[in-house]
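K.L.:
Give me a model of this one.
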Amino acid sequence: MYELPEQLWVYYLTGASSFVLSLVTTGHAIIYKRDSRAAVGWVGLIWFAPILGPTLYLLLGINRVRRKASRIRREEYDLIPDLDDAICTSAMLAEHLSDDASHLLEMARLNERLTNLPLLQGNQVEPLQNGDEAYPAMLSAIEHARASITLTSYIFDNDRIGQRFATALADAVQRGVEVRVLIDAVGARYSLPPITHRLRSLGIRTARFMPSYLPWTTPYFNLRSHRKILIVDGEYGFTGGMNIRAANMLAEHEPHPIRDTHFLVRGPVIHELQATFAEDWHFTTQEILRGEPWFSSVSPCGDVIARVISDGPDKNYDKMRSAFQGALAIAERHVKIMTPYFLPDAALIGALNTCSLRGVQVDIVLPLQNNLKMVAWAAMAQMWQILEWGCQVWMTPPPFDHSKLFVVDDRLSIIGSSNWDPRSLRLNFEVGLECYDSTLSEQLSQLIDDRIRAADALTLNEVNSRHLPRKLRDGVARLFAPYL
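P.N.:
Numbering: from 1, shown residues only. The predicted model follows:
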């Protein structure tokens, strides 16, 4: 009987395996891809690049982010104490808003359905500029903590600022304060050695969010926690977009300075922020933080009506993007957006353009020199879609500005950790604060206006007149937008 040479069996087996793998990945793409264009693209790659195409699809194409997060967050428990006295009803919000801002009630209804959380009255939200204002306030809060400290950050550098925070946290532990620190496993590696070793050696209970076993030199993985929350004694805290690193100290003339805006938060909404941290901590360590000393009695202390928007690739999937789209849909006069990374998808681009076409002034403020070049290139490749229908884009001079602000009609502000890019709105765990208050909104609006006065307007002609090599470079970068 004729027998095939051993080498041919290897070829046949490899070919059959490749064919089966292509069939399986094609079926998955057809069934599960929301965007038909993405499905067509993946199917084409799978069949035109045998083995490589299916492998790339398995690594990058399957949204195992939501599946894995849903599986490990399956256990639900009620963390937030009774806040009935602080709940803001629609009638209360209508009374708080002026007559020309009553349309914002629609936004409140939208986000209540999105988050299943109530609006809470009696809050104070104070903007803090750069590390020069934020870090002293945060360190002072840690130094005066009596019972508990919870801290989560994407980046917590092992530099002189990070070490000051580590020392303050260690001193708190020595005083008998319960301390929990959660750092994203990728963000922790932005400085070497990671600060996590130092924190643990100082006796600080520290955990890494979703540790990855891929090489640390690959900086972009899924399932990242981009949240920044510090809460002291369950009574007050800080949130926004600022990481913990020396580069945020502009007054100290760091070699690569970063502007940013953070927020001091007081009032009942602190419980919703603490619940966000507590869920992430349980998700990572299985320890449940409930009651004292994590959740304390909080009295009203301001006029801001606020609610937390928790966003991530799990049960909270797509909530921040839906909130952004909702705000653009109800805006009547002016929308101001400030973000370091601007790669809106087709739906958000449509919402921005529709907003502008309705007669709303749309101002988008971006850094002229981005710290992530590929993100800037990709953004420029699609900028014509933003400019052609009347949105205004402003490019601010250095230093690089990492602030994330969204102000609608000088009454509604959405602040927090989310950028306007696919990674923030689809892959990362983020946290935002929806705030209704004219004073806060006018403060942030003024801050954005100050940036605009120092900025240059980006025109459609400038975008269209780029040389062909730049257009090709930017267009190629845009292909990788979902993973930048």
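
K.L.:
where does the stretch 151-300 of the chain have low pLDDT?
P.N.:
Scanning the stretch 151-300 of the chain with the threshold set as pLDDT under 70 gives 212-222.

K.L.:
switch the cut-off to 50
P.N.:
Along the stretch 151-300 of the chain, segments meeting pLDDT under 50 span 215-220.

K.L.:
which stretches of the stretch 301-450 of the chain form helices?
P.N.:
319-330, 346-357, 373-381, 383-387, 422, 438-453 (DSSP state H, counting those that start in this stretch).

K.L.:
lowest-confidence stretch among those?
P.N.:
For those, the weakest mean pLDDT is recorded on helix 422, namely a mean of 87.

K.L.:
for that one, the distance to its chain's centre please.
P.N.:
Relative to the chain's own centre, helix 422 is displaced by 10 Å; criterion: Cα atoms, centre = their mean, to the nearest Å.

K.L.:
go on, stretch 442-452?
P.N.:
Its chain's C-alpha centre and that of stretch 442-452 lie 21 Å apart, by Cα atoms, centre = their mean.

K.L.:
and residue 412, what does it touch?
P.N.:
Going by Cβ atoms under 8 Å, 6 or more residues apart in numbering, residue 412 touches 101, 104, 107, 327, 434, 435, 436, 441. In this view, the C-beta of every residue, glycine as well, is placed from N, C-alpha and C.

K.L.:
what's the farthest-apart pair in those residues?
P.N.:
With distance counted by Cβ to Cβ, no two of the contacts of residue 412 lie farther apart than 101 and 434, which are 14.1 Å apart.

K.L.:
Between these two, tell me which one has more neighbours.
P.N.:
Using other Cβ atoms under 10 Å as the criterion, residue 101 and residue 434 rank with residue 434 on top: 27 against 21.

K.L.:
isn't residue 379 right up against residue 344?
P.N.:
No - in this structure, residue 379 is not within contact of residue 344 by Cβ atoms under 8 Å, at 9.2 Å.

K.L.:
among the contacts of residue 412, which ones are buried?
P.N.:
For those, a burial check counting by 16 or more other Cβ atoms under 10 Å picks out 101, 104, 107, 327, 434, 435, 436, 441.

K.L.:
and the gap between the nearest residue to the first one once chain neighbours are set aside and residue 277?
P.N.:
What that stands for is residue 101. Residue nearest to residue 101 in three dimensions, not counting chain neighbours: residue 411, with 4.2 Å by Cβ to Cβ, 6 or more residues apart in numbering. Taking Cβ to Cβ, to the nearest Å as the measure, residue 411 and residue 277 are separated by 28 Å.

K.L.:
cool, and residue 196?
P.N.:
The span separating residue 196 from residue 277 equals 17 Å under the rule Cβ to Cβ.

K.L.:
Between those two, which is the more surrounded one?
P.N.:
When residue 196 and residue 277 are compared for neighbours, residue 277 comes out ahead with 24 against 20, by other Cβ under 10 Å.

K.L.:
In three-state terms, how would that one be classified?
P.N.:
helix (DSSP: H, G, I helix; E, B strand; the rest coil).

K.L.:
Spatially nearest residue to it (excluding sequence neighbours)?
P.N.:
The spatially closest residue to residue 277, leaving aside those adjacent along the chain, is residue 150, at 4.8 Å (Cβ to Cβ, 6+ apart).
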